[in-house]
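Enquirer: Kindly return the folded structure for what I paste below:
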Amino acid sequence: KVDHDGALTFPISAKGKAATAEGVFEKIAANDHEAREAAAEQLGQGKKDAFGQTYQVKVTGAVIK
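Expert: Down below sits the predicted model:
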(Lines give C-alpha, C1' and ligand atoms only; values in the text may rest on other atoms or scores of the structure.)
Protein backbone atom coordinates (compact mmCIF):
# COMPACT_ATOMS: atom_id res chain seq x y z
CA LYS A 1 0.00 0.00 0.00
CA VAL A 2 1.08 3.59 -0.44
CA ASP A 3 0.77 5.79 2.65
CA HIS A 4 -0.52 9.36 2.47
CA ASP A 5 3.08 10.63 2.50
CA GLY A 6 3.96 8.50 -0.53
CA ALA A 7 5.85 5.81 1.40
CA LEU A 8 5.40 2.20 0.32
CA THR A 9 4.53 -0.27 3.07
CA PHE A 10 4.19 -4.03 2.87
CA PRO A 11 2.17 -6.53 4.92
CA ILE A 12 4.05 -8.69 7.42
CA SER A 13 3.11 -11.70 5.24
CA ALA A 14 5.56 -10.36 2.62
CA LYS A 15 8.53 -11.05 4.90
CA GLY A 16 10.99 -13.45 3.28
CA LYS A 17 9.32 -13.34 -0.15
CA ALA A 18 11.02 -12.20 -3.33
CA ALA A 19 10.10 -8.75 -4.61
CA THR A 20 10.71 -6.66 -7.68
CA ALA A 21 10.92 -2.90 -7.30
CA GLU A 22 10.92 -0.03 -9.75
CA GLY A 23 12.19 3.45 -9.04
CA VAL A 24 14.97 5.98 -9.38
CA PHE A 25 18.53 5.27 -8.22
CA GLU A 26 20.12 8.49 -7.00
CA LYS A 27 22.96 9.92 -4.98
CA ILE A 28 21.99 11.33 -1.58
CA ALA A 29 22.95 15.01 -1.42
CA ALA A 30 25.42 15.95 1.31
CA ASN A 31 22.90 18.41 2.75
CA ASP A 32 19.94 15.95 2.69
CA HIS A 33 20.05 15.09 6.39
CA GLU A 34 16.67 13.31 6.35
CA ALA A 35 17.77 10.87 3.62
CA ARG A 36 21.12 10.25 5.34
CA GLU A 37 19.35 9.54 8.63
CA ALA A 38 16.97 7.12 6.92
CA ALA A 39 19.91 5.34 5.26
CA ALA A 40 21.66 4.97 8.61
CA GLU A 41 18.47 3.49 10.14
CA GLN A 42 18.23 0.95 7.33
CA LEU A 43 21.84 -0.12 7.83
CA GLY A 44 21.33 -0.69 11.54
CA GLN A 45 23.54 0.14 14.46
CA GLY A 46 27.25 -0.60 14.19
CA LYS A 47 27.26 -1.40 10.46
CA LYS A 48 29.42 0.63 8.09
CA ASP A 49 28.46 0.86 4.44
CA ALA A 50 29.52 4.03 2.62
CA PHE A 51 27.61 3.00 -0.52
CA GLY A 52 24.32 2.60 1.40
CA GLN A 53 24.83 5.97 3.04
CA THR A 54 25.59 7.68 -0.28
CA TYR A 55 22.97 6.24 -2.67
CA GLN A 56 19.31 5.34 -2.40
CA VAL A 57 16.49 4.01 -4.54
CA LYS A 58 13.30 6.04 -4.45
CA VAL A 59 10.83 3.26 -5.17
CA THR A 60 7.77 4.10 -7.24
CA GLY A 61 6.28 0.60 -7.30
CA ALA A 62 6.89 -2.96 -6.19
CA VAL A 63 5.52 -6.46 -6.75
CA ILE A 64 5.80 -9.23 -4.16
CA LYS A 65 6.08 -12.70 -5.67
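Enquirer: For the chain, give me the ranges with low pLDDT.
Expert: Scanning the chain for pLDDT under 70 picks out the ranges 1-6, 43-53.
Enquirer: Repeat the analysis, applying 90 as the threshold.
Expert: By pLDDT under 90, the low-scoring segments of the chain are 1-12, 14, 19, 21-65.
Enquirer: Show me what the top helix by length along it is packed up against.
Expert: Counting residues, the longest helix found in the chain (DSSP state H) is helix 33-43. With contacts defined as 3 or more CB pairs under 8 Å, 6 or more residues apart in numbering; DSSP states H and E, helix 33-43 has these neighbours: helix 50-54, strand 55-64. (C-beta placed from N, C-alpha, C; glycine too.)
Enquirer: possible to save those as a markdown table with mean neighbour count?
Expert: Shown next, in a markdown table, are those (neighbours: other CB atoms under 10 Å):
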| stretch | mean neighbour count |
| --- | --- |
| helix 50-54 | 11 |
| strand 55-64 | 12 |
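Enquirer: Out of the ones you listed, which is closest to residue 22?
Expert: Taking CB to CB, strand 55-64 is the member of the helices and strands packed on helix 33-43 nearest to residue 22, at 4.8 Å.
Enquirer: which residues touch that closest one?
Expert: Here strand 55-64 makes contact (CB atoms under 8 Å, 6 or more residues apart in numbering) with 8, 10, 14, 17-28, 35, 38-39.
Enquirer: Tell me which of these fall in strands.
Expert: 19-27 (DSSP state E).
Enquirer: Could you dump these into JSON lines and include neighbour count and distance to residue 54?
Expert: Formatted as JSON lines, those follow (neighbours: other CB atoms under 10 Å; distance: CB to CB, whole Å):
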{"residue": "19", "neighbour count": "11", "distance to residue 54": "23"}
{"residue": "20", "neighbour count": "9", "distance to residue 54": "24"}
{"residue": "21", "neighbour count": "12", "distance to residue 54": "19"}
{"residue": "22", "neighbour count": "10", "distance to residue 54": "21"}
{"residue": "23", "neighbour count": "13", "distance to residue 54": "17"}
{"residue": "24", "neighbour count": "9", "distance to residue 54": "15"}
{"residue": "25", "neighbour count": "8", "distance to residue 54": "11"}
{"residue": "26", "neighbour count": "11", "distance to residue 54": "10"}
{"residue": "27", "neighbour count": "10", "distance to residue 54": "6"}
